[in-house]
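Novice: Got a predicted structure here, sequence first:
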Amino acid sequence: MTQQLGNFLSGRWQTGEGTETQLTDPVSGEKLATVSARGLDLASALDFARVRGGENLRALDYATRAKLLDDVANVLIAKRARYEEIAIANSGNTKIDAAIDIDGGIGTLKYFAKVGAGLGETKSLLDQGPVHLAKDEKFQAIHLLVPRRGVAIHINAFNFPSWGLWEKAAVSLLAGVPVLSKPASSTAWLAYEMVRDVIDAKVLPEGALSLLCGSAGGLFSHVTADDVIAFTGSHDTALKIRGDRNVMTRNVAVNVEADSINAALLGPDAAPGSTAFDAFVKEVVREMTVKAGQKCTAIRRVFVPAERAAAMAEALSAKLSSMQVGDPRKAETRMGPLVNRSQQAAVFEGIAMLAAGAKTLTGGKGAPKIEGIDPKVSAFVAPTLLQAADGSASAVHDIEVFGPVATIVPYKNEAEAFTLVRRGGGSLVASVFGTDTDFLARAARELGYVHGRILAVDPSIASSHTGHGIVMPQCNHGGPGRAGNGEELGGLHGLRFYHQRVAVQGSAEVLSSLTKEATPIH
Ligand code: NAP
């Protein structure tokens, strides 16, 4: 019998009825655990978090809550080895993949612990002011940010069970808003284990953190206008959540981080053999293969000047076709499997759609042959590079293939390159590589309005930048249009979603008593 992962709701561990989802090892097909939320009282769970968790967190100031984040991070650091084992078994992560997820989560907690400490012993934030509103200078206004008094429902995608949990929880807890976190069922084990350790360590006040490992069905009929929902996942699920009748009726704030067809653009001046060209090749390969391409930020479209397309195809194909794909438990493995067989089937379907308008240079549809691995139970996909003749086919700009798959798209000139990149319809991130810094700045201006983040790499930072796909807590994460139109992180800016911005108009005396107890965040 495999273990059933508990749900931590209303301050106690509870199991749902039966099995909703079976968690498996994507290398061996071994059954690892099950989850279920059937029969659980979600209305009471939300009430408990809202009332008990909310009161307990709001009794603390920002600096004290920041210290809680540090305590949580330290609990996780002490148990890290176990988390890595789970990430390898349940997600097919290599050690590097696991580090991005686990250390990314811990690093984000540490970051917000540090910047949160700087907010001091206050319980609200001063956004703006005071400003004069009338001839009588005593009548003024300020804008305060006050913590919301509901529960933050965090729904995460399968690819980052650790980072997704903590990047959201860190900001919410710092703001004083209790969290009910729901990992994707298929990889919930890591989130479960981490939350269990944090609860056992008693570092958070009662009600501050709840966990729902099973499905979220029915949860939204119990949300109130005080609650917020932060969702990460597919466009289709985002539509369902935004379209939920109760969510719409009560105008519940919803932040969406959805899918994205991210671009990497090589500038016209980056000749083969140049630092910019080599750095670009390295980054595209890394983005395609880290976490087997299962990153919302991964590079999907590779834009190169038409005259460089052949050299780029050759350089990328050489690295991708020699990539060691296999069991992540083996030291020589550079890329592991996808998370499960349904993702593998979806990726093969996506490759077929892309291949209708592009030629396949390496990899492709069909499980790769790997010694000692049974293709009937495992979920491997070979690194797959395609090349379009030009940017006219729509599939490459429209279909997110969530695996180690990217397409080279040649462009004729700068204007065409910018137009083609924008066809992604709103993305999380684009990176631009080149030697001409004016071109890089122009690209950031021209592409900025359809992106949440732009990485501009000239040779001076070719080996020091943090990478196209890595989300830094200091920077905005989110993107307009199909990327969901959400915003997360971005330093203290991320706190806004968990606060109400209120204009207070009054006398200088009243406002000064408020501002004395609020930390300016500009
Ligand atoms: P998904 O199928 O949309 O699932 C995401 C989450 O939503 C899971 O926790 C899932 O729970 C839950 N869910 C599913 N149906 C729901 C419903 N009707 N009501 C409430 N919750 C529901 O996405 P995924 O397959 O896990 O993740 C892959 C997608 O996420 C890709 O498109 C990727 O681009 C995107 N993503 C975006 C970001 C970003 O930051 N922008 C980051 C990572 C991934 P169950 O597992 O229990 O069904």
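Specialist: On my side now, so go ahead. Numbers count the residues shown, from 1 in each chain.

Novice: Quick check: mean pLDDT of stretch 372-391?
Specialist: Average pLDDT, stretch 372-391: 96.

Novice: again but with stretch 321-336, I slipped
Specialist: Mean pLDDT, computed over stretch 321-336, is 96.

Novice: Give me the contacts around that stretch.
Specialist: Residues outside stretch 321-336 that contact it (Cβ atoms under 8 Å, 6 or more residues apart in numbering): 26-27, 88, 92-95, 97, 285, 289, 292, 337, 362-363, 368, 370-373, 380, 382-383, 404. Yep, even glycine has a C-beta here, placed from its N, CA and C like the rest.

Novice: ditto for stretch 67-85
Specialist: 60, 95, 98-99, 102, 105-106, 109-110, 112-113, 116-117, 162, 166, 170, 173-174, 190, 193-194, 197-198, 201, 203-205, 208.

Novice: Over to stretch 218-228?
Specialist: Under the criterion Cβ under 8 Å, 6+ apart, residues 42-43, 46, 50, 148-153, 177, 182, 212, 229, 241, 244, 246-247, 250-255, 497-498 lie in contact with stretch 218-228.

Novice: Within reach of the ligand, which of these are there?
Specialist: K182, I241 (Cβ under 6 Å from any ligand atom).

Novice: are any of the contacts of stretch 218-228 buried, and which?
Specialist: Among the contacts of stretch 218-228, those buried by neighbour count (16 or more other Cβ atoms under 10 Å) are 42, 46, 50, 148-153, 177, 182, 212, 229, 241, 244, 247, 252-255, 497-498.

Novice: Touching, V290 and G469? I think so.
Specialist: Yes: V290 lies in contact with G469 (Cβ atoms under 8 Å); the separation is 6.8 Å.

Novice: what touches both of the two?
Specialist: Residues within reach of V290 and of G469 at once, by Cβ under 8 Å, 6+ apart, are A298.

Novice: close enough to count as contact, L338 and Q294?
Specialist: Yes: the pair L338 / Q294 is scored as a contact, 6.4 Å apart, by Cβ under 8 Å.

Novice: Mutual contacts of the two, please.
Specialist: Applying Cβ under 8 Å, 6+ apart, one finds that L338 and Q294 are jointly contacted by G403.

Novice: hmm, back to that, give me the subset of the contacts of stretch 218-228 lying in strands.
Specialist: Counting by DSSP state E, these place A152, I153, K182, I229, A253, V254, N255 in strands.

Novice: Let me have the residues you listed in JSON lines, extended by pLDDT.
Specialist: What follows is those, written out as JSON lines (pLDDT from 0 to 100):
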{"residue": "A152", "pLDDT": "98"}
{"residue": "I153", "pLDDT": "98"}
{"residue": "K182", "pLDDT": "98"}
{"residue": "I229", "pLDDT": "98"}
{"residue": "A253", "pLDDT": "97"}
{"residue": "V254", "pLDDT": "98"}
{"residue": "N255", "pLDDT": "98"}
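
Novice: Report the spatially nearest residue to F348, omitting neighbours in sequence.
Specialist: Among residues not flanking F348 along the chain, K365 sits closest, at 4.8 Å (Cβ to Cβ, 6 or more residues apart in numbering).

Novice: The one you found contacts A355, correct?
Specialist: Yes: between K365 and A355 there is a contact under Cβ under 8 Å: 7.3 Å.

Novice: now the closest residue to P473 other than its chain neighbours: how far from the ligand?
Specialist: In space, and not counting its chain neighbours, P473 is closest to Y111: 4.3 Å by Cβ to Cβ, 6+ apart. For Y111, the distance to the ligand (Cβ to the nearest ligand atom, to the nearest Å) stands at 17 Å.

Novice: sec struct for Y111, please.
Specialist: Recorded secondary structure, Y111: helix (DSSP: H, G, I helix; E, B strand; the rest coil).

Novice: hang on, it packs against Q474?
Specialist: Yes: between Y111 and Q474 there is a contact at 7.3 Å, judged by Cβ under 8 Å.

Novice: So for the two, which residue has more residues nearby?
Specialist: Shown here are Y111 and Q474; by other Cβ atoms under 10 Å, Y111 has more neighbours (19 against 13).

Novice: quick one: pLDDT of that one?
Specialist: pLDDT, Y111: 98.

Novice: would you list every one of the strands in the stretch 351-500 of the chain?
Specialist: 359-362, 384-387, 405-411, 427-433, 451-457, 476-477, 488-489, 499-507 (DSSP state E, counting those that start in this stretch).

Novice: now swap in the stretch 1-150 of the chain and tell me
Specialist: Under the criterion DSSP E, counting those that start in this stretch, the stretch 1-150 of the chain contains strands at 3-4, 7-9, 12-14, 21-24, 31-35, 124-132, 139-147.

Novice: Neighbouring strands - and their directions - for the fourth one?
Specialist: Pairing partners of strand 21-24, with direction, according to DSSP bridges: strand 31-35 (antiparallel).

Novice: mind listing what's buried in the strand it pairs with?
Specialist: L32, A33, T34, V35.

Novice: Stretch 304-318 now?
Specialist: Neighbour count says stretch 304-318 has V304, P305, R308, A309, A311, M312, A313, A315, L316, S317 buried, by 16+ other Cβ under 10 Å.

Novice: Residues in contact with it: which ones?
Specialist: By Cβ under 8 Å, 6+ apart, stretch 304-318 touches 266, 268, 270-272, 277, 280-281, 284-285, 302, 361-362, 385, 387, 390, 408-412.

Novice: Kindly report the same for stretch 344-361.
Specialist: Taking Cβ under 8 Å, 6+ apart as the rule, stretch 344-361 contacts 313, 316-317, 337-338, 363-367, 379-381, 384-389, 393-396, 399-403, 405, 407-408.

Novice: Show the average pLDDT along it.
Specialist: Averaged across stretch 344-361, the pLDDT comes to 97.

Novice: Comparing the strands of the stretch 1-150 of the chain, which stretch has the densest surroundings?
Specialist: Ranked by average neighbour count under the criterion mean count of other Cβ atoms under 10 Å, these are headed by strand 7-9 at a mean of 23.

Novice: helices or strands next to it in the packing?
Specialist: Secondary-structure packing of strand 7-9 (3 or more Cβ pairs under 8 Å, 6 or more residues apart in numbering; DSSP states H and E): strand 12-14, helix 42-48, helix 188-200, strand 209-211.

Novice: For the second one, name the packing helices and strands.
Specialist: Packed against helix 42-48, as judged by 3+ Cβ pairs under 8 Å, 6+ apart, are the following elements: strand 7-9.

Novice: Ok, the first one next?
Specialist: Counting by 3+ Cβ pairs under 8 Å, 6+ apart, the packing neighbours recorded for strand 12-14 are strand 7-9.

Novice: And the average pLDDT for the strand it packs on is what?
Specialist: Averaging pLDDT along strand 7-9 gives 98.

Novice: just stretch 242-251 next, same as before
Specialist: The pLDDT scores in stretch 242-251 average 96.

Novice: Contacts for that stretch next, please.
Specialist: Contact partners of stretch 242-251, identified using Cβ under 8 Å, 6+ apart, comprise F220, S221, H222, V223, T224, A225, I229, I241, V252, V254, V256.

Novice: switch to 7 Å and redo it
Specialist: Residues from elsewhere that reach stretch 242-251 (Cβ atoms under 7 Å, 6 or more residues apart in numbering): F220, S221, V223, T224, A225, I229, I241, V254.

Novice: Relative to the ligand, which of those is nearest.
Specialist: For the contacts of stretch 242-251, the closest approach to the ligand (Cβ to the nearest ligand atom) belongs to I241, at 5.6 Å.

Novice: backbone phi and psi for the nearest residue to the closest one once chain neighbours are set aside, please?
Specialist: Nearest residue to I241, sequence neighbours excluded (Cβ to Cβ, 6+ apart): F231, at 5.5 Å. Phi and psi for F231, reported as degrees, to the nearest 10, are phi -120, psi 140.

Novice: For the closest residue to I370 other than its chain neighbours, grab the count of nearby residues.
Specialist: Spatial nearest neighbour of I370, excluding adjacent residues (Cβ to Cβ, 6+ apart): G326 at 5.1 Å. For G326, the count of nearby residues is 22 (other Cβ under 10 Å).

Novice: Do I have it right that G39 meets E17?
Specialist: Yes: using Cβ atoms under 7 Å as the test, G39 is close enough to E17 to be in contact (4.4 Å).
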